[in-house]
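*Asks:* I need the structure of the sequence given here:
(2 chains)
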Protein chains: 2
Amino acid sequence: MQRPENTAGIAGQELAGEILAPYLHEQAGEFLRGLRLHREAGPDNQSTEEAALALRAAARRISATLHTFRPLLDPVWADQLRAELAWLSGTLAGEHACSARLARLLDALHRLAGSRVPPPRGDTGTLTVGAARAGALLDRQLTLARTRAHSAALQALGSSRFHAVADAVALLASEVPLASAAAAHACEVLAPAALDAEDRLDRAVAALPLARAAHPYNAEALVQESESQDSPWHQVRLLLRLHRYAQEVLHHGLGEPEPPERLLAAGRALDRHRDAAEAAAAASAAARTPRIAPATAYALGVLHADQRHEVEAARFAFQRIWQPVAVSHAASTAPAVP
Amino acid sequence: MQRPENTAGIAGQELAGEILAPYLHEQAGEFLRGLRLHREAGPDNQSTEEAALALRAAARRISATLHTFRPLLDPVWADQLRAELAWLSGTLAGEHACSARLARLLDALHRLAGSRVPPPRGDTGTLTVGAARAGALLDRQLTLARTRAHSAALQALGSSRFHAVADAVALLASEVPLASAAAAHACEVLAPAALDAEDRLDRAVAALPLARAAHPYNAEALVQESESQDSPWHQVRLLLRLHRYAQEVLHHGLGEPEPPERLLAAGRALDRHRDAAEAAAAASAAARTPRIAPATAYALGVLHADQRHEVEAARFAFQRIWQPVAVSHAASTAPAVP
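*Replies:* Numbering: from 1, shown residues only, chains lettered A, B, ... in the order given. Next comes the predicted model:
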């Protein structure tokens, strides 16, 4: 297989299937390796979590590839495997998400509680315990959720549904059900499909209120209906990941350069956006617990607002990372900042 | 009286007293005019408030002038009048401060309450009323405080202590007790005293953590002991005002140019800093009310955090305004931003 020098390491004259299949083989191998490590690791330890992370990372890449390059694959098979991988990833992600959310909230409470939550004057007796009580409440609630997620993951891993997914991935490690389009040159079908993924990302970013996000302390994230305004950002997070994995496919086997730091940094900002939004929701959910003390509720209110400001800060960070490309879009599509 | 052209409108060869005395005469006149308007206006209306504002503005300028140019004045007289003006200003300021704080907090609650305080899902019944209850609680508490401040102001205005202040200011409208130093040329004693005021301001600004404030979303204002870190900023606010009024004295009668927009904008940022800090304290004080509902406490926690972020935003705004001058100081004195 000849690789032309002039495409700077991007897929060109090879057949699309000759690039797509090895990438899927490799990711399927990673998935199976993660699965084996997960089985070998004891319950509830560090290596179980690492194995689950590796397994999910492979599942995300396979799923993204099935989505972006669907025209080059057997569509019925691709759609079905994607749905099953989404179920599996979602199930396996729950436990880690609960741990990470609890750690984020307790860190934030610790940061806030050394401080004036509650303020150290007046009859602070009941308020002083607010932050500690809020931490204990969140600990109980999120530990319970984590335990449930752990049971659900164990149950999923023992299910016939899971064994069917594992079998499908094991097959994928040696054989990819390609469509006839995969016999075309990569530059004709593979690169355009990757470009479509990038276009979808660019359009979604252009629709974000970046001009407002660029204005620090706009207090947007805490105000009216703004939590429902989170979803375009969450969507961009997913599209960014699809774009990154599509680039991985294109560059697969070609020395596999690191993805551009800008993409990684933007992804981290959007991860932080998502994590803070979910942590804020967990804080306000905890405040709906019946019969909590006012001091606890007060601390949860402060915590909720703190995490919503983290959401706003993450939007600001994303905008700063993206600006060189996106600011001209934003200026024309985003509302003016007062 | 000759004014040299080459000092660009700044006091020069005149005698210091010839600049200082007319300025104090004029401010004393403003004070007395405010006092007359205040007496003529009915109770509890717009013009009473305007008259009180005018009276306080004149009192601030007289007091600042007595402070900055103390070496040019009878020091015993200056110190005593300053103390009495501080008492009067403080007494008159209370009512307005309560109204403004309540308006700020209700505005913020209104902004927040259309939103996810509480979040519109789950058993939001009790939480939906949280913001409304918090507003009602703050309204009760601050209206009560305002009424008390109003009574205190009325009582003060009828007191013999007040009449003594009014007599002293009435005397000041025609005669200023100058020290012998006031017979020196303005450029030798008046300008240096004004320069000292500017130096004190510059040193205080240089000691502020401007490098951290320049970093948006540093979450400084909500964290450990940061409310006690407000005081250097409050101090800069006062020093900025002393500097501005000292410049007014220097330029008095010379066409009186508007103060530089930068000074005014910096002052507004520091006013906002002070107002937000006091509003945040009022929100957390309200949360210490016995037997409030958890939903109310939660909303007050969100409100407190929101106002502390306003504090942080005001610091950021001040730094942006001041940066052209102060950033080099800040870089050498402020802690590095992580």
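
*Asks:* out of everything not next to it in sequence, what's closest to A:Ala131?
*Replies:* Nearest residue to A:Ala131, sequence neighbours excluded (C-beta to C-beta, 6 or more residues apart in numbering or on different chains): A:Ala113, at 3.5 Å. Heads up, the C-betas are built off the backbone N, CA and C, glycines and all.

*Asks:* wait, doesn't the one you found sit right on A:Leu303?
*Replies:* No: here A:Ala113 lies out of contact with A:Leu303, judged by C-beta atoms under 8 Å, at a distance of 9.5 Å.

*Asks:* what about those two, which has more around it?
*Replies:* A:Leu303 (33 against 22; other C-beta atoms under 10 Å in any protein chain shown).

*Asks:* tell me what the helix or strand where that one lies is packed against?
*Replies:* Following DSSP states H and E, one finds A:Leu303 within helix A:294-333. Packing partners of helix A:294-333 (3 or more C-beta pairs under 8 Å, 6 or more residues apart in numbering or on different chains; DSSP states H and E): helix A:75-113, helix A:125-157, helix A:186-206, helix A:210-213, helix A:261-287, helix B:261-287, helix B:294-333.

*Asks:* give me that answer again for 7 Å
*Replies:* With contacts defined as 3 or more C-beta pairs under 7 Å, 6 or more residues apart in numbering or on different chains; DSSP states H and E, helix A:294-333 has these neighbours: helix A:75-113, helix A:125-157, helix A:186-206, helix A:210-213, helix A:261-287, helix B:294-333.

*Asks:* Out of the ones you listed, which is the most enclosed?
*Replies:* Here the criterion is mean neighbour count by mean count of other C-beta atoms under 10 Å in any protein chain shown, and of those the winner is helix B:294-333, at a mean of 24.

*Asks:* Just want the angle from that one to helix B:186-206.
*Replies:* 120 degrees (axes from the mean of the first three to the mean of the last three C-alpha atoms, to 10 degrees).

*Asks:* quick one: contacts for the residue in the stretch 201-338 of chain A that chain B sits nearest to?
*Replies:* At 2.4 Å from chain B, A:Gly301 is the closest residue in the stretch 201-338 of chain A, using C-beta to the nearest C-beta. Counting by C-beta atoms under 7 Å, 6 or more residues apart in numbering or on different chains, A:Gly301 makes contact with A:Ala287, B:Ala297, B:Tyr298, B:Ala299, B:Leu300, B:Gly301, B:Val302.

*Asks:* quick one: the closest residue to A:Thr143 other than its chain neighbours and chain B, what's the gap?
*Replies:* In space, and not counting its chain neighbours, A:Thr143 is closest to A:Leu102: 7.0 Å by C-beta to C-beta, 6+ apart. Distance from A:Leu102 to chain B, counting by C-beta to the nearest C-beta, to the nearest Å: 19 Å.

*Asks:* Please name whichever of the helices and strands packed on helix A:294-333 is nearest to B:Arg272.
*Replies:* helix B:294-333 (4.4 Å; C-beta to C-beta).

*Asks:* same question for the closest one, mean pLDDT?
*Replies:* Model confidence over helix B:294-333, given as mean pLDDT, is 81.

*Asks:* And stretch A:208-217, by the same measure?
*Replies:* Mean pLDDT, stretch A:208-217: 92.

*Asks:* Now the two most distant members of the contacts of A:Gly301.
*Replies:* Among the contacts of A:Gly301, A:Ala287 and B:Leu300 lie farthest apart (C-beta to C-beta), at 11.7 Å.

*Asks:* quick revisit: please tabulate the helices and strands packed on helix A:294-333 in a markdown table and include distance to B:Val249 as additional columns.
*Replies:* Shown next, in a markdown table, are the helices and strands packed on helix A:294-333 (distance: least, C-beta to C-beta, whole Å):
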| stretch | distance to B:Val249 |
| --- | --- |
| helix A:75-113 | 45 |
| helix A:125-157 | 47 |
| helix A:186-206 | 55 |
| helix A:210-213 | 43 |
| helix A:261-287 | 51 |
| helix B:294-333 | 22 |
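
*Asks:* can you tell me which of the ones you listed comes nearest to A:Ser231?
*Replies:* Closest among those, using C-beta to C-beta: helix A:261-287, at 9.6 Å.

*Asks:* ok, A:Ala191 to chain B distance?
*Replies:* For A:Ala191, the distance to chain B - C-beta to the nearest C-beta - is 39 Å.

*Asks:* pLDDT at that residue, what is it?
*Replies:* 94.

*Asks:* remind me which residues of chain A are low pLDDT?
*Replies:* Along chain A, segments meeting pLDDT under 70 span A:1-12, A:42-44, A:114-128, A:223-227, A:253, A:255-257, A:324-338.

*Asks:* and the residue sitting nearest the centre point of it, what is it in contact with?
*Replies:* The centroid of chain A falls nearest to A:Asp271 when counting by C-alpha atoms, centre = their mean (5.7 Å). By C-beta under 7 Å, 6+ apart, A:Asp271 lies in contact with A:Arg237.

*Asks:* what about 10 Å?
*Replies:* A:Arg237, A:Leu240, A:Arg241, A:Ala314 (C-beta atoms under 10 Å, 6 or more residues apart in numbering or on different chains).

*Asks:* A:Leu105 now?
*Replies:* With C-beta under 10 Å, 6+ apart, A:Leu105 has these contacts: A:134-135, A:138-139, A:141-142, A:278-280, A:282-283, A:286, A:300, A:303-304, A:306-307.

*Asks:* Relative to A:Ala97, how far out is the residue lying closest to A:His110 once chain neighbours are set aside?
*Replies:* Sequence neighbours aside, A:Gly135 is the residue nearest to A:His110 in space, at 7.9 Å (criterion: C-beta to C-beta, 6+ apart). Separation of A:Gly135 from A:Ala97 (C-beta to C-beta, to the nearest Å): 19 Å.

*Asks:* so how far is the helix holding A:Leu303 off the chain centroid?
*Replies:* Centre-to-centre, helix A:294-333 and its host chain are 17 Å apart (C-alpha atoms, centre = their mean, to the nearest Å).

*Asks:* Let me know the angle separating it from helix B:125-157.
*Replies:* Going by the same axes, to 10 degrees, helix A:294-333 is angled at 100 degrees with respect to helix B:125-157.

*Asks:* Now for A:Leu35: which residues touch it?
*Replies:* Applying C-beta under 10 Å, 6+ apart, the residues contacting A:Leu35 are A:Ala51, A:Ala52, A:Ala54, A:Leu55, A:Ala58, A:Ala59, A:Leu157, A:Phe162, A:Val165, A:Ala166, A:Val169, A:Ala170.

*Asks:* if I read this right, the third one contacts A:Arg61, doesn't it?
*Replies:* No: counting by C-beta atoms under 10 Å, A:Ala54 does not reach A:Arg61; the two are 11.0 Å apart.

*Asks:* who has more neighbours, these two?
*Replies:* Between A:Ala54 and A:Arg61, counted using other C-beta under 10 Å, A:Arg61 has the larger neighbour count: 23 against 17.

*Asks:* helix, strand or coil for that one?
*Replies:* helix (DSSP: H, G, I helix; E, B strand; the rest coil).

*Asks:* my read: it touches A:His25, true?
*Replies:* No: using C-beta under 10 Å, A:Arg61 makes no contact with A:His25, being 11.9 Å away.

*Asks:* any shared contact partners between these two?
*Replies:* Here A:Arg61 and A:His25 share no contacting residue, scored by C-beta under 10 Å, 6+ apart.

*Asks:* Give the phi and psi angles for A:Phe69, as a check.
*Replies:* phi -110, psi 30 (degrees, to the nearest 10).

*Asks:* Check the gap between it and A:Asp196 for me.
*Replies:* Relative to A:Asp196, and taking C-beta to C-beta, A:Phe69 is found at 10 Å.

*Asks:* which residues do these two both contact?
*Replies:* A:Ala246.
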